[in-house]
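Colleague: my questions concern the predicted model and sequence given below.
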Amino acid sequence: MTSTRYLLALLFSLLTALPTAAQSADEAPAATPTVKSFGSDTVHFNVLPTTFLTPQVARSYGIVRGDNKFLVNVSVQQRSGDSNRAIRAKVSGTSSDLIHITTLGFREIIEQDAIYYIAELEIDGKRERRDFRLSVSTATRNQPYDIQFVKTLHAED
(Lines give C-alpha, C1' and ligand atoms only; values in the text may rest on other atoms or scores of the structure.)
Protein backbone atom coordinates (compact mmCIF):
# COMPACT_ATOMS: atom_id res chain seq x y z
CA MET A 1 0.00 0.00 0.00
CA THR A 2 1.43 3.40 -0.91
CA SER A 3 2.05 5.89 1.86
CA THR A 4 -0.76 8.11 0.53
CA ARG A 5 -3.24 5.25 0.53
CA TYR A 6 -2.08 4.15 3.96
CA LEU A 7 -2.55 7.70 5.26
CA LEU A 8 -6.08 7.90 3.86
CA ALA A 9 -7.03 4.50 5.27
CA LEU A 10 -5.66 5.53 8.65
CA LEU A 11 -7.45 8.87 8.49
CA PHE A 12 -10.83 7.29 7.73
CA SER A 13 -10.29 4.68 10.46
CA LEU A 14 -9.65 7.40 13.01
CA LEU A 15 -12.54 9.52 11.84
CA THR A 16 -15.10 6.79 12.36
CA ALA A 17 -14.06 6.70 16.01
CA LEU A 18 -14.19 10.46 16.61
CA PRO A 19 -17.11 12.88 16.80
CA THR A 20 -17.38 14.98 13.68
CA ALA A 21 -15.23 18.10 13.43
CA ALA A 22 -18.20 19.82 11.80
CA GLN A 23 -20.39 19.72 14.93
CA SER A 24 -21.25 23.14 16.30
CA ALA A 25 -20.06 24.01 19.80
CA ASP A 26 -23.29 25.89 20.57
CA GLU A 27 -25.56 22.91 19.92
CA ALA A 28 -26.75 20.53 22.60
CA PRO A 29 -23.80 19.01 24.47
CA ALA A 30 -24.69 15.44 23.51
CA ALA A 31 -22.79 14.49 20.38
CA THR A 32 -24.73 13.05 17.48
CA PRO A 33 -24.14 9.30 17.30
CA THR A 34 -21.85 8.25 14.47
CA VAL A 35 -22.47 4.51 14.76
CA LYS A 36 -25.63 2.43 14.48
CA SER A 37 -25.80 -1.31 15.03
CA PHE A 38 -28.23 -3.57 13.19
CA GLY A 39 -27.80 -7.12 14.45
CA SER A 40 -24.34 -8.29 13.40
CA ASP A 41 -23.82 -5.26 11.11
CA THR A 42 -22.52 -1.93 12.37
CA VAL A 43 -22.70 1.20 10.20
CA HIS A 44 -20.19 3.99 10.91
CA PHE A 45 -20.95 7.43 9.45
CA ASN A 46 -19.41 10.84 9.74
CA VAL A 47 -19.19 14.26 8.07
CA LEU A 48 -15.87 16.06 7.95
CA PRO A 49 -14.38 19.09 6.22
CA THR A 50 -12.26 18.29 3.17
CA THR A 51 -9.53 20.56 4.52
CA PHE A 52 -8.89 17.80 7.06
CA LEU A 53 -7.23 15.88 4.21
CA THR A 54 -3.78 16.83 2.99
CA PRO A 55 -3.70 18.22 -0.57
CA GLN A 56 -1.77 15.14 -1.70
CA VAL A 57 -4.31 12.67 -0.29
CA ALA A 58 -7.25 14.67 -1.66
CA ARG A 59 -5.64 14.86 -5.10
CA SER A 60 -4.90 11.12 -5.17
CA TYR A 61 -8.62 10.39 -4.67
CA GLY A 62 -9.97 13.19 -6.82
CA ILE A 63 -11.45 15.03 -3.84
CA VAL A 64 -11.78 18.80 -4.18
CA ARG A 65 -10.69 20.53 -0.99
CA GLY A 66 -12.30 23.80 0.05
CA ASP A 67 -13.41 25.85 3.02
CA ASN A 68 -17.06 25.04 2.32
CA LYS A 69 -16.63 21.44 1.13
CA PHE A 70 -17.29 18.33 3.22
CA LEU A 71 -17.08 14.55 2.94
CA VAL A 72 -19.76 12.16 4.10
CA ASN A 73 -17.98 8.96 5.10
CA VAL A 74 -19.76 5.61 5.61
CA SER A 75 -18.38 2.17 6.39
CA VAL A 76 -20.01 -1.10 7.41
CA GLN A 77 -18.53 -3.79 9.61
CA GLN A 78 -19.92 -7.23 10.28
CA ARG A 79 -19.35 -8.96 13.61
CA SER A 80 -18.39 -12.61 13.48
CA GLY A 81 -17.50 -14.08 16.86
CA ASP A 82 -15.02 -11.76 18.55
CA SER A 83 -13.91 -9.94 15.41
CA ASN A 84 -15.29 -7.39 12.97
CA ARG A 85 -14.63 -7.25 9.25
CA ALA A 86 -15.42 -4.60 6.68
CA ILE A 87 -18.16 -5.58 4.24
CA ARG A 88 -19.31 -4.09 0.97
CA ALA A 89 -22.56 -2.19 0.79
CA LYS A 90 -24.69 -0.04 -1.46
CA VAL A 91 -24.91 3.43 0.04
CA SER A 92 -27.19 6.23 -1.11
CA GLY A 93 -28.55 9.28 0.58
CA THR A 94 -29.52 12.90 0.66
CA SER A 95 -28.60 16.02 2.57
CA SER A 96 -31.10 18.83 2.97
CA ASP A 97 -31.45 22.26 4.48
CA LEU A 98 -34.68 24.24 4.75
CA ILE A 99 -34.83 24.84 0.99
CA HIS A 100 -32.66 22.36 -0.94
CA ILE A 101 -32.29 18.61 -1.10
CA THR A 102 -28.94 17.37 -2.38
CA THR A 103 -28.51 13.80 -3.60
CA LEU A 104 -25.24 12.38 -2.29
CA GLY A 105 -23.19 10.48 -4.87
CA PHE A 106 -21.26 7.85 -2.92
CA ARG A 107 -18.23 6.08 -4.32
CA GLU A 108 -16.48 3.05 -2.93
CA ILE A 109 -12.89 3.02 -1.72
CA ILE A 110 -11.26 -0.31 -0.91
CA GLU A 111 -7.90 -0.31 0.90
CA GLN A 112 -6.73 -3.78 1.91
CA ASP A 113 -9.14 -4.70 4.73
CA ALA A 114 -10.94 -1.33 4.81
CA ILE A 115 -13.99 -0.41 2.71
CA TYR A 116 -15.36 3.14 2.71
CA TYR A 117 -18.08 5.01 0.88
CA ILE A 118 -17.56 8.74 0.46
CA ALA A 119 -19.68 11.52 -1.00
CA GLU A 120 -18.69 15.15 -1.42
CA LEU A 121 -20.95 17.97 -0.23
CA GLU A 122 -20.72 21.74 -0.50
CA ILE A 123 -22.51 24.35 1.62
CA ASP A 124 -23.46 27.85 0.46
CA GLY A 125 -23.12 29.82 3.68
CA LYS A 126 -20.73 30.01 6.59
CA ARG A 127 -22.97 27.79 8.71
CA GLU A 128 -25.69 25.37 7.69
CA ARG A 129 -27.82 22.90 9.57
CA ARG A 130 -28.09 19.81 7.37
CA ASP A 131 -30.40 16.81 7.70
CA PHE A 132 -28.83 13.60 6.38
CA ARG A 133 -30.76 10.50 5.31
CA LEU A 134 -28.75 7.44 4.37
CA SER A 135 -29.83 4.10 2.97
CA VAL A 136 -27.29 1.29 3.43
CA SER A 137 -27.89 -2.12 1.85
CA THR A 138 -25.80 -5.20 2.57
CA ALA A 139 -25.92 -8.79 1.39
CA THR A 140 -26.88 -9.86 4.92
CA ARG A 141 -30.28 -8.19 4.92
CA ASN A 142 -33.19 -7.88 2.49
CA GLN A 143 -34.17 -4.35 3.56
CA PRO A 144 -31.75 -1.38 3.65
CA TYR A 145 -30.68 0.18 6.91
CA ASP A 146 -32.13 3.69 7.24
CA ILE A 147 -30.01 6.23 9.07
CA GLN A 148 -31.02 9.82 9.80
CA PHE A 149 -28.94 12.45 11.56
CA VAL A 150 -28.49 16.21 11.76
CA LYS A 151 -25.21 18.16 11.65
CA THR A 152 -24.40 21.83 11.66
CA LEU A 153 -21.59 22.40 9.19
CA HIS A 154 -19.26 25.38 9.38
CA ALA A 155 -17.24 26.75 6.49
CA GLU A 156 -13.67 27.45 7.54
CA ASP A 157 -12.34 30.98 7.43
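Modeller: Received, thanks.
Colleague: mind checking how far the residue of the chain most remote from its centre is from Ser40?
Modeller: The outermost residue of the chain, judged against the average C-alpha position, is Gly81 (26.1 Å), by Cα atoms, centre = their mean. To Ser40, Gly81 is 10 Å away according to Cβ to Cβ, to the nearest Å. For every residue, glycine as well, the C-beta is placed using N, CA and C.
Colleague: same check on Asp131?
Modeller: Asp131 is 28 Å from Ser40, by Cβ to Cβ.
Colleague: check Tyr145 too.
Modeller: 12 Å.
Colleague: nearest to the spatial middle of this protein, which residue is it?
Modeller: Short answer for the chain (Cα atoms, centre = their mean): Asn73, at 1.7 Å.
Colleague: tell me the phi and psi of the nearest residue to that residue once chain neighbours are set aside?
Modeller: Among residues not flanking Asn73 along the chain, Asn46 sits closest, at 4.9 Å (Cβ to Cβ, 6 or more residues apart in numbering). The phi/psi pair for Asn46 (degrees, to the nearest 10) reads phi -160, psi 160.
Colleague: isn't Asn46 up against Phe52?
Modeller: No. Using Cβ atoms under 8 Å, Asn46 makes no contact with Phe52, being 10.5 Å away.
Colleague: between the two, which one's more packed in?
Modeller: Asn46 (23 against 16; other Cβ atoms under 10 Å).
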